[in-house]
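Engineer: build the 3D model from these lines:
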Amino acid sequence: MLTIRKSEERGHANHGWLDSYHTFSFANYYDPQHIAFRSLRVINQDQIAGGKGFGTHPHRDMEIITYMLDGALEHKDSMGNGSIIRVGDVQRMSAGTGITHSEFNHSATDIAHLLQIWILPNQQNVTPSYEQISFSREEKLNQLRLIASPNGSDRSVTIHQDAYIYASILEDGAMVSHRVQANRYAWVQVARGSVLIDDRLLKAGDAIASDQAGDLSVMAQDDAEILIFDLA
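Structural biologist: Presented below is the predicted three-dimensional model:
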């Protein structure tokens with residue numbers, strides 16, 4: 001069965017400096033019908049004003065992935081990492097036994113636009129770790145590019161969960177297909193543009209969940225960007 005999660009049905013919080021849409025229950029937004037999907041716990045679409053950001057705060061026992069759409073994010077953490085996350089970069093933090101970190105828009109004027117993704121780990125109390133890998137536009141153009149996996153295959157970031165994340169930038173009319181194996185589940189998140197999945201039109205912010213095996217095909221209706229989560 002395919003189930004659509006419409007953009008306008010997501011939770012929304014606008015704090016002035018932060019405009020955020022929550023696909024799943026998060027902070028003050030709670031919807032018992034949308035707590036998580038399998039191990040996928042959070043997809044927040046954040047737009048952060050220039051010079052603003054999240055001060056130092058803690059996490060533990062969570063796989064946290066940042067996927068940049070526009071702008072750049074400045075990151076610092078208690079593991080001693082300091083980096084700039086730019087478009088094309090995928091950042092992964094395994095919070096494990098506990099970390100603190102801060103995230104600020106690297107620009108004083110331009111908006112930083114990103115997806116923050118949380119995956120529930122299949123191991124508790126792991127040693128915290130950090131990873132950041134850049135993927136070119138060409139690697140994702142009109143094809144699926146593996147960006148996260150449990151074993152770091154094909155130069156993807158490594159997460160503590162039986163989950164695979166693919167990204168694609170689609171030109172108008174282009175199509176990609178992903179085979180969902182038996183006893184696996186898929187979630188497709190539309191980050192930009194609009195796509196057609198099984199004759200269903202999805203626009204930016206929309207998502208579709210699948211609990212059926214078989215080919216899941218995505219065709220762009222205009223220039224689009226998507227993430228596909230393949231989950232146990």
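
Engineer: flag the shaky bits of this protein, pLDDT-wise.
Structural biologist: Of all residues in the chain, none has pLDDT under 70.

Engineer: now the residue positioned nearest the centre of it: phi and psi?
Structural biologist: Nearest to the geometric centre of the chain sits residue 117, at 4.2 Å (CA atoms, centre = their mean). Per-residue torsions, residue 117: phi -120, psi 130 (degrees, to the nearest 10).

Engineer: what's the closest non-adjacent residue to it?
Structural biologist: residue 65 (4.2 Å; CB to CB, 6 or more residues apart in numbering). To be clear about C-beta, it is placed using only N, CA and C from the backbone, and glycine gets the same treatment.

Engineer: and the one you found, how far from residue 114?
Structural biologist: From residue 65 over to residue 114 the distance is 10 Å, taken as CB to CB, to the nearest Å.

Engineer: over to residue 20?
Structural biologist: 10 Å.

Engineer: the more surrounded of these two?
Structural biologist: residue 114 (25 against 19; other CB atoms under 10 Å).

Engineer: element containing the more buried one?
Structural biologist: Residue 114 belongs to strand 112-119 when assigned by DSSP states H and E.

Engineer: mind listing residues that contact that strand?
Structural biologist: 39-48, 62-73, 85, 105-106, 159, 161, 163, 165, 189, 191, 227 (CB atoms under 8 Å, 6 or more residues apart in numbering).

Engineer: list only buried entries from the residues you listed.
Structural biologist: 39-48, 62-69, 71-73, 85, 105-106, 159, 161, 163, 165, 189, 191, 227 (16 or more other CB atoms under 10 Å).

Engineer: need phi/psi at residue 46.
Structural biologist: phi -110, psi 140.

Engineer: excluding covalently adjacent residues, which one is nearest to it?
Structural biologist: Residue 46 sits nearest to residue 20 (CB to CB, 6+ apart), 4.9 Å away.

Engineer: you'd agree the one you found is up against residue 42?
Structural biologist: No. Look at residue 20 against residue 42 with CB atoms under 8 Å: they stay out of range, at 10.8 Å.

Engineer: which elements pack onto the helix or strand hosting the residue nearest to residue 46?
Structural biologist: Taking DSSP H and E as the criterion, residue 20 maps to strand 18-22. Identification of packing neighbours for strand 18-22 by 3 or more CB pairs under 8 Å, 6 or more residues apart in numbering; DSSP states H and E yields strand 11-14, strand 40-48.
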